[in-house]
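> the sequence and its predicted three-dimensional model are supplied below.
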Amino acid sequence: MNSETSLNAKTITVIIILSSFSSAFLGSAMNIVIPSLSADLSISAGRVGWVITVYSLTTCGLSVPFGKLADATGKNRIFLLGVGILTLSCFATGWVRSFALLIVLRILQGVGASMIFATNTAIIVACHPPQQRGKAIGHMLSGTYVGLASGPVLAGVLNQWFGWHSVFFATAAVGAAALIPACRYLPVKERQPLPGQSPGQPGPSAGKQPDIAGNLLFIAMITCGMYGFASIGRGWWPFALIAAGILLGFFFVRRELAADDPVIDVRIFRSTPAYTLSNLAALFNYCAIFSIQYFMSLYLQVDKGYSSQTAGLILICLPVVMASLTSRAGALSDRIAPYKLATAGMVVCGCTMIVFSMVQKETPVWAIVCTLLIAGLGVSLFSSPNMNAIMSCVGREHYGVASSILATMRTLGQTSGIAITTIVISARLGDATLAEAPLADFEGAMRTCFLISAVICFCGAVMSLKRKDT
């Protein structure tokens, strides 16, 4: 790689990091500003939840279709459009005074984020040689994880000093910082030939009918399943939605097996076990680690009596470790078998879950901080090596879909984590608020969720380890 190409690759990596941070930050930051937003716009508690829900549903439902579109029309084109939509819609949201318009803009933000998630990994992998991909993926994941983990902390500070609108203005500023150089370094007409393909030769999807029915089935399947999981505890209808999602999944697989140009080539899950196991391990990891940020934030405020700002400052050590070590773990995966690092990371995460399950009111803060640091190490060891393994299982013509499937695994994992937490808290605390619930009941719910998360981590470690046989 010559010096100019190396400089371009580094610049593109920075662009991808910024875009990954902004889209992930926008998803996690909303929880902290919902009370202020609800009061400012006079939105009821039942309706305000849609501010979060529509973004998650749009992002998860459209990532794979946009990944397929990116593979067919060009990844740079979809990425630039996604960053542009995300940036402009965030800037517009900063001025909004209407709930209906806010929902429309949140849907647009989900569209932009899904375009970014569908292409960021694909672009990173395509512009780095195989021996440097793990490190580059690690840099990108640092941006994603920092955005997810620091969202509530940074949004809390912005909301406290400048109001909830400032969260969207800040996200728009980061998006603009990515968009301006991206217009130069990521030309729309990239169209690099695939291995064995001449520059003028049509791509693998040329002359094939687009799988419109498959796209619609996938969107409906993900929407029903995700909304059902996220709404568990509100009656019988969430389970009906989950059942509908499973049924739609059956029809989706049948459709993809018969399609001329399927949205997802489902045969790869059977023919390439390492690909299947890697995606399942990612799903389990994201599901398990959700409980750390959720329960530790509540524990520090409910059990320890710290303010939200102090709790945020304590919790920020987790994303700091992830940002520092994820890229190093990715670089290691270029030299060491990724499954070994990923398996070790899942085991470390499982052990920290067991430690968190033993936390009580008397537990010193330094012990909490040390466990958070170790948890950050575990997530770092798992994330970028696992993604490196996933992208190594597919050819360049499928990078977009592979990238978007992994993004879908992340969202589904987080949604599953929310569902597990909701079920456990409802069972232990009933209708009582956190302030009214006995401390023993809250600690019992926290202990149960962390033990479930530990089991999930160890199951993920088994899946990760089984890749050595494939």
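Good, I have the coordinates. Residues are numbered from 1 along each chain as shown.
> outline the domain layout of this protein.
Listed domain ranges for the chain are 1-190, 211-260, 265-470 (source: automatic domain parsing).
> tabulate those (JSON lines), appending mean pLDDT.
Formatted as JSON lines, the domains of the chain follow (pLDDT from 0 to 100):
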{"stretch": "domain 1-190", "mean pLDDT": "85"}
{"stretch": "domain 211-260", "mean pLDDT": "87"}
{"stretch": "domain 265-470", "mean pLDDT": "84"}
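> most centrally placed residue in the chain?
residue 410 (4.1 Å; Cα atoms, centre = their mean).
> show the contacting residues for that one.
Taking Cβ atoms under 8 Å, 6 or more residues apart in numbering, we find residue 410 in contact with 282, 286. C-betas here are computed from N, CA, C, even on glycine.
> can you check residue 351 too?
Going by Cβ under 8 Å, 6+ apart, residue 351 touches 374, 378, 454.
> need the residues you listed in JSON lines with neighbour count, secondary structure and distance to residue 50, can you?
What follows is the contacts of residue 351, written out as JSON lines (neighbours: other Cβ atoms under 10 Å; DSSP: H, G, I helix; E, B strand; the rest coil; distance: Cβ to Cβ, whole Å):
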{"residue": "374", "neighbour count": "16", "secondary structure": "helix", "distance to residue 50": "37"}
{"residue": "378", "neighbour count": "26", "secondary structure": "helix", "distance to residue 50": "34"}
{"residue": "454", "neighbour count": "21", "secondary structure": "helix", "distance to residue 50": "33"}
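> buried set for stretch 144-163?
Of the residues in stretch 144-163, 144-159 count as buried by neighbour count, 16 or more other Cβ atoms under 10 Å.
> cool, and stretch 371-389?
Using 16+ other Cβ under 10 Å as the test for burial, stretch 371-389 gives 371-372, 374-389.
> using CSV, write down the CA coordinates of stretch 223-243.
What follows is stretch 223-243, C-alpha atoms only, in CSV (Å, rounded to 0.1, in the frame of the first residue of the first chain):
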residue,chain,number,x,y,z
THR,A,223,-40.8,-5.0,12.9
CYS,A,224,-43.2,-7.5,14.4
GLY,A,225,-40.5,-9.4,16.3
MET,A,226,-38.7,-6.3,17.6
TYR,A,227,-41.8,-4.4,18.7
GLY,A,228,-43.2,-7.6,20.3
PHE,A,229,-40.0,-8.1,22.3
ALA,A,230,-39.8,-4.5,23.3
SER,A,231,-43.4,-4.5,24.5
ILE,A,232,-43.3,-7.6,26.6
GLY,A,233,-45.2,-7.0,29.9
ARG,A,234,-48.0,-5.0,28.4
GLY,A,235,-50.5,-7.8,27.9
TRP,A,236,-51.0,-10.7,25.5
TRP,A,237,-50.5,-8.8,22.2
PRO,A,238,-46.7,-8.6,22.3
PHE,A,239,-46.6,-12.4,22.2
ALA,A,240,-48.9,-12.4,19.2
LEU,A,241,-46.5,-10.0,17.4
ILE,A,242,-43.6,-12.3,18.2
ALA,A,243,-45.5,-15.3,16.9
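> look up how far residue 145 lies from residue 250.
Spatial separation of residue 250 from residue 145 under the definition Cβ to Cβ, to the nearest Å is 34 Å.
> same check, this time on residue 154
In this view, residue 154 and residue 145 are 14 Å apart by Cβ to Cβ.
> and for residue 458?
Separation of residue 458 from residue 145 (Cβ to Cβ) stands at 22 Å.
> would you turn the contacts of residue 351 into TSV with distance to residue 427?
Formatted as TSV, the contacts of residue 351 follow (distance: Cβ to Cβ, whole Å):
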residue	distance to residue 427
374	29
378	28
454	18
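> which other helices and strands contact the helix or strand hosting residue 100?
If you go by DSSP states H and E, residue 100 is part of helix 99-126. Contact partners of helix 99-126 among helices and strands, from 3 or more Cβ pairs under 8 Å, 6 or more residues apart in numbering; DSSP states H and E: helix 3-28, helix 50-73, helix 75-93, helix 133-162, helix 365-392, helix 399-429.
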